[in-house]
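**Q** generate coordinates for the sequence data below:
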Amino acid sequence: MRFRSGTITVSLAAVFAVLWLMWPSTINPVYWDEPEAPAMTGPLAPNTALGSAQFYDLGASGTAHSVALGENGEIYSGNASGKIVRIESPGMTPTVIAELDDLPISGLAWIGSSTLGATTSDGLFAVNVISGDATRVSVGVPGYPFGFANDLAITRQGEIYFTDSSVLHDEGTPDGDHVLDMLENRPHGALYVWDPRTHQTRLAADRLYYPNGIALASDGLSIYVSETFRYRILRHWIDGPRRGETEVFAGNLPGLPDGLATDNSGHLFVALPAGRSSALRTIRTRPWLARIVSRLPAWARPDGGSARPFIAVLDEQNAEIIASFHDPENRLCHVSNMVLTEDQDLWFGSSDCSYIAWLPQAAVQAGLQAPGTTGFVAGD
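**A** Residues are numbered from 1 along each chain as shown. Predicted structure coming up:
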């Protein structure tokens, strides 16, 4: 009896396995043989540059993805339930100042003296921080509905550029999250611009590989966009003779780039919430394996790399990695949006934890000037 029961159990498991393997995948992956990851040496070597960072807890997990700073030192952040909060000074209790919808707020940036631009997965908003009034100003363009509107950057002319990470998969669906986009290896993302003069949205670039963080270049002539699942930074020209062109600025980065920020000294700060994964590299060269992995429960799928977040700094002139900031105590979660003040204080949030962090100007300067070997130039 025991033998027969065991046989039945094994047979049922085998049938289930065959049916599971035959079940149609929700993705259509393609082959990509990604380049070998750069070594974490020289300016990328782990260090203690973030050792003096101060962390401020905002409450529940996912409450501190986006960060913006007010003129008088106030801190603004968007949470996972569509609320924008204000902290009058570090350590104080957050106050809700506006409610958009029930979707996480991914990006915040100032578009006026009292108006914040904000993105959720399905729209771009203008938020008056005094009255709390929020107006949805863009839901995309005809024929290109948003999949996952992510981050935004404001030009000197007041145009709002923002990324749509994927029109196919978004974080609001139970099994269609960003990991499926990572496994598929197809360019489902886009870059948009909203013009405040015409109140119109224009598609600036499409067929991008999960465009995520975005930042205005120091000279104001271009914007940088992180293509998270291609380990690279794009430059999209917004002014001058090359206006409208897009090129690779830095490729083969040592991790998955997310948030971006520039200072007034020609530095591009890149948040890298995870390093590179040899397992993911193997999956990407075997589309049949990617289909199998896509059927696994969300918790069992690869997340892209090792969870040792850090921040890399690139020279805007030549894309050379000149420094990196690591936390010796490994307190960081998924480092997302970053803000650099005029004094070069660095603020950053986390999409999966509940903190915002502050690294004072002296520590930022020390990290940039730390002795080390010559810089590393990322390849394509």
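
**Q** in terms of helices and strands, where is the residue positioned nearest the centre of the chain?
**A** Nearest to the geometric centre of the chain sits residue 258, at 3.0 Å (C-alpha atoms, centre = their mean). Counting by DSSP states H and E, no helix or strand carries residue 258.

**Q** let me know the pLDDT of the closest residue to it other than its chain neighbours.
**A** Spatial nearest neighbour of residue 258, chain neighbours left out: residue 271 (4.6 Å); criterion: C-beta to C-beta, 6 or more residues apart in numbering. Where C-beta positions appear, they are placed from N, C-alpha and C, glycine not excepted. Looking at residue 271, its pLDDT is 95.

**Q** quick one: contacts for residue 271?
**A** 213, 257, 258, 259, 260, 309, 311, 335, 336, 337, 338, 348 (C-beta atoms under 8 Å, 6 or more residues apart in numbering).

**Q** can you say which helix or strand has it in it?
**A** strand 267-272.

**Q** next SSE downstream of that strand?
**A** Using DSSP H and E, the first helix or strand after strand 267-272 is helix 278-284.

**Q** tell me the helices and strands packed up against that following helix.
**A** helix 178-184, helix 287-294 (3 or more C-beta pairs under 8 Å, 6 or more residues apart in numbering; DSSP states H and E).

**Q** what's the separation between residue 237 and residue 285?
**A** Distance of residue 237 to residue 285, given as C-beta to C-beta, to the nearest Å: 33 Å.

**Q** who has more neighbours out of the two?
**A** For residue 237 versus residue 285, neighbours defined as other C-beta atoms under 10 Å are more numerous around residue 237 (16 against 13).

**Q** look up which helix or strand the residue nearest to residue 111 when sequence neighbours are not counted falls in, please.
**A** Spatial nearest neighbour of residue 111, excluding adjacent residues (C-beta to C-beta, 6+ apart): residue 117 at 4.3 Å. Element membership of residue 117, judged by DSSP H and E, is strand 115-120.

**Q** quick one: list the elements packing against that strand.
**A** strand 105-112, strand 123-128, strand 149-154, strand 160-164.

**Q** and the residue nearest to residue 111, how many neighbours?
**A** 23.

**Q** who's it bridged to?
**A** Residue 117 has these beta-bridge partners by DSSP bridges: residue 109, residue 126.

**Q** thought it was touching residue 158?
**A** No - with contact defined as C-beta atoms under 8 Å, residue 117 does not count as touching residue 158 (10.3 Å).

**Q** joint contacts of those two?
**A** Contacts common to residue 117 and residue 158, judged by C-beta under 8 Å, 6+ apart, are residue 111.

**Q** what residue ranges in the protein score low on pLDDT?
**A** The chain contains residues with pLDDT under 70 at 1-25, 60-64, 169-177, 303-307, 371-380.

**Q** how about a cut-off of 80?
**A** Residues of the chain that meet the criterion pLDDT under 80 lie in 1-26, 58-65, 89-92, 101-102, 122, 143-145, 168-178, 297-307, 351-354, 370-380.

**Q** and the gap between residue 341 and residue 369?
**A** From residue 341 to residue 369 the distance is 18 Å (C-beta to C-beta).

**Q** also residue 234?
**A** 28 Å.

**Q** then residue 213?
**A** Taking C-beta to C-beta, one finds residue 213 at 25 Å from residue 369.

**Q** picking up where we left off before, so what's the residue nearest to the centre of the chain up against?
**A** 212, 213, 226, 228, 271, 272, 273, 334, 335, 336, 337, 351.

**Q** most neighbours, which of those?
**A** residue 337 (33 neighbours).

**Q** tell me which residues touch that residue, please.
**A** By C-beta under 8 Å, 6+ apart, the neighbours of residue 337 are 65, 66, 67, 107, 108, 151, 213, 258, 259, 271, 348, 349.

**Q** likewise residue 244?
**A** Contacts of residue 244 by C-beta under 8 Å, 6+ apart are 204, 237.

**Q** where does it sit: helix, strand or coil?
**A** coil (DSSP: H, G, I helix; E, B strand; the rest coil).

**Q** mind checking how far it is from residue 115?
**A** Applying C-beta to C-beta to residue 244 and residue 115 gives a distance of 27 Å.

**Q** also residue 109?
**A** 10 Å.

**Q** likewise residue 148?
**A** 23 Å.

**Q** who's more crowded, those two?
**A** Per other C-beta under 10 Å, whichever of residue 148 and residue 115 has more neighbours is residue 148, with 30 against 16.

**Q** thinking the more buried one is in contact with residue 165, fair?
**A** Yes - when contacts are counted by C-beta under 8 Å, residue 148 is listed as touching residue 165 (4.4 Å).

**Q** list residues touching both of the two?
**A** residue 178.

**Q** tell me the phi and psi of residue 353?
**A** Dihedral pair for residue 353: phi -110, psi -160, per degrees, to the nearest 10.

**Q** give me the number of neighbouring residues for it.
**A** Other residues close to residue 353 by other C-beta under 10 Å number 23.

**Q** wait, what's in contact with the closest residue to it other than its chain neighbours?
**A** Using C-beta to C-beta, 6+ apart and skipping the chain neighbours, the partner closest in space to residue 353 is residue 333 (3.6 Å). Residues in contact with residue 333, defined by C-beta under 8 Å, 6+ apart, are 273, 309, 350, 351, 352, 353, 355.
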